[in-house]
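J.: structure, please.
(2 chains)
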Protein chains: 2
Amino acid sequence: MTLHNTHLRAQDAVSRLDTFIALSDFDRPTLVVDLDRVEQQYRALDAGLGRAQIHYAVKANPAEEVIDRLVTLGSHFDAASKGEISLCLSRGAKAHQISFGNTIKKPSDIAWAWDRGITLFAADAEEELEKIAENAPGAQVYIRLIVEVSEADWPLTRKFGCDATKALELLDYARDLCLEPVGFSFHVGSQTRRAEMWIPALDALAQTWKAAQDAGHDLSVLNIGGGFPAFYGEEVDAPEAYAAKVMELVTERFGDVRHIMAEPGRGMVAEAGTIVAECMLVSRKSERDLHRWVYLDIGRFSGLAETEGEAIRYQLETARDHEATGPCILAGPSCDSADVLYEKRPVQLPVGLKSGDRVLIRNTGAYTSTYSSVGFNGFPPLDVVCI
Amino acid sequence: MTLHNTHLRAQDAVSRLDTFIALSDFDRPTLVVDLDRVEQQYRALDAGLGRAQIHYAVKANPAEEVIDRLVTLGSHFDAASKGEISLCLSRGAKAHQISFGNTIKKPSDIAWAWDRGITLFAADAEEELEKIAENAPGAQVYIRLIVEVSEADWPLTRKFGCDATKALELLDYARDLCLEPVGFSFHVGSQTRRAEMWIPALDALAQTWKAAQDAGHDLSVLNIGGGFPAFYGEEVDAPEAYAAKVMELVTERFGDVRHIMAEPGRGMVAEAGTIVAECMLVSRKSERDLHRWVYLDIGRFSGLAETEGEAIRYQLETARDHEATGPCILAGPSCDSADVLYEKRPVQLPVGLKSGDRVLIRNTGAYTSTYSSVGFNGFPPLDVVCI
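T.: So this is what the prediction gives:
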């Protein structure tokens, strides 16, 4: 029933977005974000997450209108930088609603955040704890753990987090530095398509959690991070059911933790956005070529960075989708030869596609606008319009 | 003698850059560009290239001060977009000095350029010629050929150009469309470290050139593109000698072509720039880790995009370089796990390196500032200062 309703509402939202796009002209690639669709997603995730508090991962889409809507809805925020904290505060979020979740922070930025009332910081290393102790004395910290087992579509590398032994030492060290070590965070990996995929990571974390309690730490914060998926062509669970299942798995393992934080980013905003792009050229390199080359006016350096390694495969729509299709290599407009979106696994596009045709790139509300370069090849950054 | 002098002048220039950097504070990652070093490089390349006309590849570094200096020196320009043409015109370049070298252009941009007096356009496909014929009737076009054989460090994919058979057909087609097909271009691949590496590409092009002449085309333009290297740790020829050798190879194969164009970008500006960055964190993920992780305040999404696949390996300098060193994985400051610079081949950095230490990233004057994202993770774009 929930699923059915969600589906219906999603259809309505797509129509609203599509109506706006159909009636508008765009002189450059533009991301159109439907704020009602963001709200709908927030409500679904919030319902599923229950007692967990949403900290929206601002980096996914920091458009002011998106932040405004989420502030209104009571969301909290996970900020990666001074810039993101400043943004959230300027849009009406309260300092206690914002966590400084990047494990890599400048001392001056820590001090700046602390002065503005931010009290919760992430860390995964001794030196980071020392910086926090010096610039935000007495602050709350949570320790980020490495997840060695990931089934995500965009698994995180070992860049963030530390292993369990180190994490326990860091809790002690934080206490020695007169900080308040409150718990752990982890990240199951971006675009973890099914809730069951969380089980290995939660099992591993539960062991560390228990070991910390046995060592005498009074843990109050469990930050389950992000990983909430968006639809890119492969089936994903509906957000409310997905979030509820994750919380069921959490409760089984952690009981009644006082504060549970969740940091959806992609799962909050990706499906609310469509990029309106244009076909610039269709060609063959030689008469023998089996594939056409299709060049769009947007590429890897103007918003579609997550196509690196062909990891995220966006759904494309054109006005000719009723025509027969053929395989195409898809590329961006810049003179950079690395600016190719899909080549190993070509995309199917209409045989009649030609320069000037509008191409919609679906579910691109996350990790697009801010990845856009300031002006590589003299192309302007991706425009963003919120409706 | 020339080599010796070049070397001496390079040393002077580094000192000027270093003096400025040493005396300055930077509150965020900053690219400092020495304009005299750009001029020196222009003069060396120009001397080596002889009768070939330099068209600076604006995309390598479109800083206004760089364009200004090159305008003063008499450089011509290779523009990838309306934005770059507009920039060059606004800094005093004349329309006849600018070629529109991107093979992927919007019809409206072609018309805009034509209206402003740009008369030379690149193409590699029928549809592109049709767009040019309609929006710049009678314009000069050159056809870009694929180079199947590349020994470059950053070889170009098949994204640009067409094969020889198709290229000859396109010359005919351009004539049929009442355009003026003037010649060919190719690109040997970015960062082609030694002049001898041009031989296979030039040999292939010479065959196509002759075939076109045999077919009755009066070719007047040979665009040899870019590929001129910068020093990133592996030995490269000095610019004047390198350029002279390339021209010797060209003359052997093409005789007295009326107009030869060369499009250095990286080879013109890379060595003129140093990025001043800062170490944000040094850590180990576990006690067993052999490598330290070093996090800088600049990464793949804030200017160092060419570290993708660890292709371009920048030279790093710190004030502790006299200390013992150890292997480090180098990463950027964003919460994106793909924001790792060097991991497969770790870098050697001083064992005493710590948060707050200044890190100089050498020869970063090309393909850095414009790759920077508008604000991923809330970090501001790479700052640029020209001296």
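J.: helices of the stretch 201-350 of chain A, start to end?
T.: Counting by DSSP state H, counting those that start in this stretch, the stretch 201-350 of chain A has these helices, from start to end: A:239-254, A:266-269.
J.: now the residue of the stretch 201-350 of chain A found nearest chain B: closest residue in space that isn't a chain neighbour?
T.: For the stretch 201-350 of chain A and chain B, the shortest gap (C-beta to the nearest C-beta) falls at residue A:283, measuring 3.3 Å. In this view, the C-beta of every residue, glycine as well, is placed from N, C-alpha and C. Of all residues not flanking residue A:283 in the chain, residue B:125 sits nearest, at 3.3 Å (C-beta to C-beta, 6 or more residues apart in numbering or on different chains).
J.: please report phi then psi for that neighbour.
T.: With angles defined as degrees, to the nearest 10, residue B:125 sits at phi -160, psi 150.
J.: OK, contacts around it?
T.: A:281, A:282, A:283, A:284, B:103, B:162, B:170 (C-beta atoms under 8 Å, 6 or more residues apart in numbering or on different chains).
J.: just the closest residue of the stretch 101-250 of chain A to chain B, please.
T.: residue A:125 (3.3 Å).
J.: coming back round to it: now for the contacts of residue B:125: which two are most distant?
T.: The largest distance within these, taken as C-beta to C-beta, falls between A:282 and B:170 and amounts to 14.8 Å.
J.: I'd say residue A:361 and residue A:273 touch.
T.: No. Under the contact definition of C-beta atoms under 8 Å, residue A:361 does not touch residue A:273, with a separation of 9.1 Å.
J.: these two: which is more packed in?
T.: Taking residue A:361 and residue A:273 together and counting by other C-beta atoms under 10 Å in any protein chain shown, residue A:273 has the greater number of neighbours (28 against 22).
J.: okay, now the domains of chain A?
T.: Domain ranges of chain A: A:36-268, A:271-386, per automatic domain parsing.
J.: what about the first one, distance to the chain center?
T.: Domain A:36-268 sits 12 Å away from the centroid of its parent chain (C-alpha atoms, centre = their mean, to the nearest Å).
J.: circling back to that earlier point, kindly reformat the helices of the stretch 201-350 of chain A as TSV containing distance to residue A:385 and mean neighbour count.
T.: Below are these laid out as TSV (distance: least, C-beta to C-beta, whole Å; neighbours: other C-beta atoms under 10 Å in any protein chain shown):
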stretch	distance to residue A:385	mean neighbour count
helix A:239-254	24	19
helix A:266-269	14	28
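J.: okay if I get the contacts of residue B:125 as a markdown table plus pLDDT?
T.: Listed next are those as a markdown table, based on pLDDT from 0 to 100:
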| residue | pLDDT |
| --- | --- |
| A:281 | 97 |
| A:282 | 97 |
| A:283 | 95 |
| A:284 | 91 |
| B:103 | 97 |
| B:162 | 94 |
| B:170 | 98 |
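J.: nearest to residue B:266, out of these: which one, please.
T.: After measuring the contacts of residue B:125 against residue B:266 - C-beta to C-beta - the closest member comes out as residue B:103, at 19.5 Å.
J.: residue contacts, the residue lying closest to the closest one once chain neighbours are set aside?
T.: The shortest distance from residue B:103 to any non-neighbouring residue, by C-beta to C-beta, 6+ apart, is to residue B:124 (4.5 Å). Contacts were defined as C-beta under 8 Å, 6+ apart; by that measure residue B:124 touches A:283, A:285, B:103, B:143, B:144, B:145, B:160, B:161, B:162, B:167, B:170.
J.: in strands, which of these appear?
T.: A:283, B:143, B:144 (DSSP state E).
J.: can you pick the most crowded of those?
T.: Neighbours here are counted as other C-beta under 10 Å. On that basis the top member of the ones in strands among the contacts of residue B:124 is residue B:143, with 31 neighbours.
J.: need the contact list for it.
T.: Residues B:122, B:123, B:124, B:162, B:167, B:170, B:171, B:174, B:181, B:183, B:184, B:185 are the ones in contact with residue B:143 under the rule C-beta under 8 Å, 6+ apart.
J.: just checking, the residue of the stretch 201-350 of chain A closest to chain B touches residue B:161?
T.: No. With contact taken as C-beta under 8 Å, residue A:283 and residue B:161 are classed as non-touching, separated by 10.2 Å.
J.: so where is the stretch 1-150 of chain A shaky, pLDDT-wise?
T.: In the predicted model, the stretch 1-150 of chain A carries pLDDT under 70 at residues A:1-14, A:149-150.
J.: and the contacts of residue B:125, which is closest to residue A:223?
T.: For the contacts of residue B:125, the closest approach to residue A:223 (C-beta to C-beta) belongs to residue A:281, at 46.3 Å.
J.: which residues does the residue of chain A most remote from its centre contact?
T.: Taking C-alpha atoms, centre = their mean as the measure, the residue most remote from the mean C-alpha position of chain A is residue A:287, 42.0 Å away. Contacts were defined as C-beta under 8 Å, 6+ apart; by that measure residue A:287 touches B:165, B:166.
J.: now do residue A:211
T.: For residue A:211, the set of contacting residues under the criterion of C-beta under 8 Å, 6+ apart consists of A:164, A:168.
J.: need the per-residue pLDDT for it.
T.: Predicted confidence (pLDDT) at residue A:211: the value is 97.
J.: same check, this time on residue A:301
T.: Spelled out, the predicted local distance difference test score at residue A:301 is 94.
J.: okay if I get the helices of the stretch 201-350 of chain A as CSV plus distance to residue B:332 and mean pLDDT?
T.: CSV is the format used below for these (distance: least, C-beta to C-beta, whole Å; pLDDT from 0 to 100):
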stretch, distance to residue B:332, mean pLDDT
helix A:239-254, 29, 97
helix A:266-269, 20, 97
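J.: could I get those helices in CSV, plus columns for distance to chain B?
T.: Putting these into CSV (distance: least, C-beta to the nearest C-beta, whole Å) gives the following:
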stretch, distance to chain B
helix A:239-254, 20
helix A:266-269, 12
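J.: for residue A:309, find the nearest of these.
T.: Taking C-beta to C-beta, helix A:266-269 is the member of those nearest to residue A:309, at 16.8 Å.
J.: report all helices and strands that that closest one contacts.
T.: In terms of contacts (3 or more C-beta pairs under 8 Å, 6 or more residues apart in numbering or on different chains; DSSP states H and E), helix A:266-269 is packed against helix A:35-49, strand A:53-57.
J.: got these as CSV, with mean neighbour count and distance to chain B columns?
T.: Rendered in CSV, the data for the helices and strands packed on helix A:266-269 read as follows (neighbours: other C-beta atoms under 10 Å in any protein chain shown; distance: least, C-beta to the nearest C-beta, whole Å):
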stretch, mean neighbour count, distance to chain B
helix A:35-49, 21, 19
strand A:53-57, 25, 8
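J.: I'd like those as JSON lines, with distance to residue B:306 appended.
T.: Shown next, in JSON lines, are the helices and strands packed on helix A:266-269 (distance: least, C-beta to C-beta, whole Å):
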{"stretch": "helix A:35-49", "distance to residue B:306": "35"}
{"stretch": "strand A:53-57", "distance to residue B:306": "27"}
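J.: those: which one's closest to residue B:132?
T.: Shortest distance between residue B:132 and these, using C-beta to C-beta, is found for helix A:35-49: 40.9 Å.
J.: contacts for that closest one?
T.: Contacts to helix A:35-49, defined as C-beta under 8 Å, 6+ apart, come from residues A:6, A:9-10, A:13, A:16-17, A:54, A:56, A:65-66, A:69-70, A:73, A:75, A:228, A:238-247, A:260, A:262, A:264, A:267-269, A:271-272, A:365, A:386-387.
J.: quick one: that helix to helix A:239-254, angle?
T.: In this structure, helix A:35-49 runs at an angle of 30 degrees to helix A:239-254, with axes from the mean of the first three to the mean of the last three C-alpha atoms, to 10 degrees as the basis.
J.: quick one: helix A:35-49 to strand A:53-57, angle?
T.: Relative orientation of helix A:35-49 versus strand A:53-57 (the same axes, to 10 degrees): 140 degrees.
J.: what about the helices in the stretch 51-200 of chain A?
T.: If DSSP H, counting those that start in this stretch is used as the criterion, the helices of the stretch 51-200 of chain A fall at A:64-73, A:82-90, A:107-115, A:126-135, A:164-176, A:199-214.
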